[in-house]
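S.K.: sequence and predicted structure are below.
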Amino acid sequence: MPLITRWMLKTSLVYFMLALAVGLLQSTRTVWMDIDLLGSLRQLEPVRIHLFVVGWITLLIFGVAHWMFPKYSQERPRGYASLAWASYTLLNIGLILRVIGETAAQPGTIYGWMLVASALFQWLAGLAFVLNTWPRLKVK
Amino acid sequence: MWALRAALIYLLTGFTFGAVMLANKGQPFWPQAWGLLPIHIEYLMIGWVVQFALGVAFWILPRLPGASRGNETLALASFLLLNTGVLFITIQEFSLFFLPLGRGFELLASLLFARHAWIRIKPLLTPKTES
């Protein structure tokens, strides 16, 4: 299993646990209404969903696809490593920026710009993954 | 291969819509951006994740005797129905019928794929396991 795949799969497992931890935190609202740990946990719903869908599912798919898809060529069996690392790095920075920016969401402030940067980074991560994976899809 | 390529297109399109909404949340510039939410979810959940899973399943499930993938017409029909369904859901604002029609097409796609894949889900036959 290539190094980048190991990083992607292990990181995705961390996001999986984080997503469930956020869900647990949110659930405390209903049990201890007066012990609201973060003040506005309902605001974290988009964070929880995206930790799950982007951090866990999408990153897991990125890692497995990079590992198992047909060879790009004999010289570059898994395409361009730089694109794979770019997709991993950008997706993680984008997701972390989202978690910080969304938790403190105040449109028009520095946190608002964090969300803009997060949007750009995650989009670029998707683009890097598609560019590296597309040529590896061949009829077999 | 077509399902996987379509999934990649949905990934990028869905990410684009999501990026527009997220950027708009941080620095509001387009009040109607939230209207993209249903299509963002549809493209990423059905167009990307589901279609990717179906494409990989078609590729990687055990083959039948003679290295056949079984009834490939069913898989192709499933691919066409799934994407037509997503398309109908994309244009749901134009008619009340498009949303249920799209969901119906997606359901039919799942049935056809299940029919295709059912007989390919089997134990690997090796000398040790044959008995």
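M.R.: Happy to help now that I have it.

S.K.: count the neighbours of the residue lying closest to B:Val20 once chain neighbours are set aside for me.
M.R.: Of all residues not flanking B:Val20 in the chain, B:Ala33 sits nearest, at 5.6 Å (CB to CB, 6 or more residues apart in numbering or on different chains). No exception for glycine: its C-beta is placed from N, CA and C like everyone else's. Neighbour count of B:Ala33, defined by other CB atoms under 10 Å in any protein chain shown: 16.

S.K.: against which helices or strands is the helix or strand where A:Trp113 lies packed?
M.R.: Counting by DSSP states H and E, the element that carries A:Trp113 is helix A:110-133. Packing contacts for helix A:110-133, counted by 3 or more CB pairs under 8 Å, 6 or more residues apart in numbering or on different chains; DSSP states H and E, involve helix A:59-68, helix A:81-103, helix B:2-26.

S.K.: tally of neighbours for the closest residue to chain B within chain A?
M.R.: Closest contact between chain A and chain B, by CB to the nearest CB, is at A:Leu115 (3.0 Å). The tally of other residues near A:Leu115 (other CB under 10 Å) stands at 25.

S.K.: that one contacts B:Met21, doesn't it?
M.R.: No - under the criterion of CB atoms under 8 Å, A:Leu115 is not in contact with B:Met21, lying 9.7 Å apart.

S.K.: get me the contact residues on chain B for chain A.
M.R.: With the criterion set to CB under 8 Å from any CB of the partner chain, chain B comes near chain A through B:1, B:4-5, B:8, B:11-12, B:15-16, B:18-20, B:22-23, B:25-28, B:44-45, B:48-49, B:52, B:59.

S.K.: show me the shaky parts of chain A.
M.R.: A:29-42, A:105-108, A:140 (pLDDT under 70).

S.K.: quick one on the thing from earlier: would you mind writing the PyMOL command to select the buried ones in the residues of chain B next to chain A?
M.R.: The PyMOL selection below is limited to those of the residues of chain B next to chain A classed as buried (16 or more other CB atoms under 10 Å in any protein chain shown):
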select buried, chain B and resi 4+8+11+12+15+16+18+19+20+22+23+25+26+44+45+48+49+52+59
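
S.K.: touching, the residue nearest to B:Val20 and B:Asn24? I think so.
M.R.: Yes - using CB under 8 Å, B:Ala33 makes contact with B:Asn24 at a distance of 3.9 Å.

S.K.: how about the helices in chain B?
M.R.: B:2-26, B:37-42, B:51-60, B:72-90, B:98-118 (DSSP state H).

S.K.: can I get those in TSV with mean pLDDT?
M.R.: Shown next, in TSV, are those (pLDDT from 0 to 100):
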stretch	mean pLDDT
helix B:2-26	96
helix B:37-42	96
helix B:51-60	95
helix B:72-90	96
helix B:98-118	96
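
S.K.: ok, which of those helices comes nearest A:Leu124?
M.R.: Evaluated over the helices of chain B, closeness to A:Leu124 peaks at helix B:2-26, with 9.2 Å, by CB to CB.

S.K.: need the nearest residue in space to the most centrally placed residue in chain A, chain neighbours excluded.
M.R.: The centroid of chain A falls nearest to A:Gly55 when counting by CA atoms, centre = their mean (3.2 Å). Closest residue to A:Gly55 in three dimensions, ignoring its sequence neighbours and counting by CB to CB, 6+ apart: A:Tyr15, at 2.7 Å.
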